[in-house]
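>>> coordinates for the following, if possible.
(one chain, ligands or ions: 1)
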Amino acid sequence: MKRSQSRRKFLYDLGLAGISVPLISSGIKCAGDNKLKPQTMIDENKKAGKLGIALLGLGGYAGGQLAPALQQTEHCYLAGIVTGTPSKIPTWQSKYSIPDKNVYNYENLDSIKDNNDIHIVYVVTPNALHKEYVIRAAQAGKHVICEKPMALSVEDCDAMIATVKKAGKLLSIGYRLHFEPYNLEMVRLGTKKIYGGIKKIIAGFGFPLGDPNQWRVKKALSGGGPLQDVGIYCVQGICYTTGLEPITVTAQEGPKTDPEKFKEVEQSLAWQFEMPNGIIAEGKASYSDPLNYLKAEAEKGIFELTSAYNYSGQKGNTPEGPMDLPKVNQQAKQMDAFALSIKNKQSSIVPGELGKRDVKIIAAIYEAMRTGKKIPIK
Ligand code: NAD
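Okay, the predicted model is just below:
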């Protein structure tokens, strides 16, 4: 590693430590080890000052990423579950030592207000259901994390933000890449103009979607296709790398090679933002092509992530060589940062307002795609 890079890495590590938290094991036995009874696990975590999280919606992301990440968190832990599928309960309870009293369904969810093991409800359902559950969780007196996209309309985001505020609680969006070193390095290089001003930035995220019956291709549940699901990361990447927000957008739907699977939502799309300072920005999202990049062309060279948005395995280059940064559990960092925001009575690093901004931009991209016109983003 060149000296300048090694210095950057050191400075970066310092910066990361400043905004996040060390993932040092607390030594508390919890999920998987089965050494503590469920209530003892809860009591020990409470004694350690950790905030209890209830995961709401026990699908792929909750089970595959969030629950495992909650075994690595320092300031919060998995205290409860909310599910509409009773058959999932025994496995989750035994795997994560969850007591009966911390298991809820969508009917009795509101009674979670009486449960002082649970401080935060994390909404991980299909997109169209985020609004209802965020509002119910906040009305039950809980802080809330809401998965992306925050909601299907700006009006819904406003209602969610207002309800959480009225309840005196905090709202955070599941934007894990704000806690991921390679993406944070893109932010630093772009916003501090380390290689001069950015002239052009391009972002693409896509993968071949499997199961043709899943909610992701049902418009009423998803709100749209790959733009809602993965294109949102490209919108985010363009904004956080430049530190700017788009002014107008044009967009084009891609070809539908599988019109049966994609009869309700787009299979792919491309869009072009007009950014402040004459920066050109282009995004692509796809449910058929594998895409995973965020590339900035600056006055003094190109810096980019060639593997940008996955849960791990980020890769990047700068004009001085490949990036070499720490590997972290993004979700653990994200949830710990929110727990610390709550403890310190500070707004989330990724608040509801940021989720709403992206919902507004996504709505403009879809309008541009539908009308073929250049749409202002107000
Ligand atoms: P999934 O289909 O695997 O799980 C969805 C869960 O919601 C299931 O447990 C399902 O039973 C439950 N559910 C409740 N009501 C439902 C209904 N009416 N119809 C269908 N399912 C219902 O989906 P997922 O991949 O876990 O995605 C859930 C949310 O998490 C989405 O908003 C998605 O965008 C988000 N997500 C975020 C990331 C990330 O990296 N931040 C990754 C994956 C998913």
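
>>> how about the strands in the stretch 151-300 of the chain?
Assigned by DSSP state E, counting those that start in this stretch, the stretch 151-300 of the chain shows strands spanning 171-173, 198-206, 248-253, 268-274, 280-286, 291-298.

>>> pick the most buried one from those strands.
strand 171-173 (a mean of 27; mean count of other CB atoms under 10 Å). All C-beta atoms are positioned from the backbone trio N, CA, C, and that covers glycine.

>>> elements contacting that strand?
Applying 3 or more CB pairs under 8 Å, 6 or more residues apart in numbering; DSSP states H and E, one finds that strand 171-173 makes contact with strand 143-146, helix 154-166, helix 352-371.

>>> what sits against the closest residue to residue 350 other than its chain neighbours?
Setting aside the residues directly before and after it, residue 350 is nearest to residue 175 in space (CB to CB, 6 or more residues apart in numbering), at 4.1 Å. Contact analysis of residue 175 by CB atoms under 8 Å, 6 or more residues apart in numbering lists 148, 236, 334, 350, 354, 355.

>>> got the strands of the stretch 151-300 of the chain as a markdown table, with distance to residue 227 and mean pLDDT columns?
Formatted as a markdown table, the strands of the stretch 151-300 of the chain follow (distance: least, CB to CB, whole Å; pLDDT from 0 to 100):
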| stretch | distance to residue 227 | mean pLDDT |
| --- | --- | --- |
| strand 171-173 | 16 | 98 |
| strand 198-206 | 10 | 98 |
| strand 248-253 | 9 | 98 |
| strand 268-274 | 6 | 98 |
| strand 280-286 | 5 | 98 |
| strand 291-298 | 13 | 98 |
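
>>> and the ligand, which of those is closest to it?
Closest to the ligand of the strands of the stretch 151-300 of the chain, according to CB to the nearest ligand atom: strand 171-173, at 8.9 Å.

>>> ok, back up a step: so can I have a markdown table of the contacts of residue 175 showing pLDDT, neighbour count and distance to residue 372?
As requested, those are exported to a markdown table (pLDDT from 0 to 100; neighbours: other CB atoms under 10 Å; distance: CB to CB, whole Å):
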| residue | pLDDT | neighbour count | distance to residue 372 |
| --- | --- | --- | --- |
| 148 | 98 | 22 | 27 |
| 236 | 98 | 25 | 25 |
| 334 | 98 | 28 | 38 |
| 350 | 98 | 24 | 33 |
| 354 | 98 | 20 | 29 |
| 355 | 98 | 28 | 28 |
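
>>> nearest to the ligand among the residues you listed?
Of the contacts of residue 175, the one sitting nearest to the ligand (CB to the nearest ligand atom) turns out to be residue 148, at 5.6 Å.

>>> I'd assumed residue 232 was in contact with that closest one.
Yes - Residue 148 is in contact with residue 232 according to CB atoms under 8 Å; the separation is 5.6 Å.

>>> which neighbours do these two share?
Common neighbours of residue 148 and residue 232, using CB under 8 Å, 6+ apart, are residue 358.
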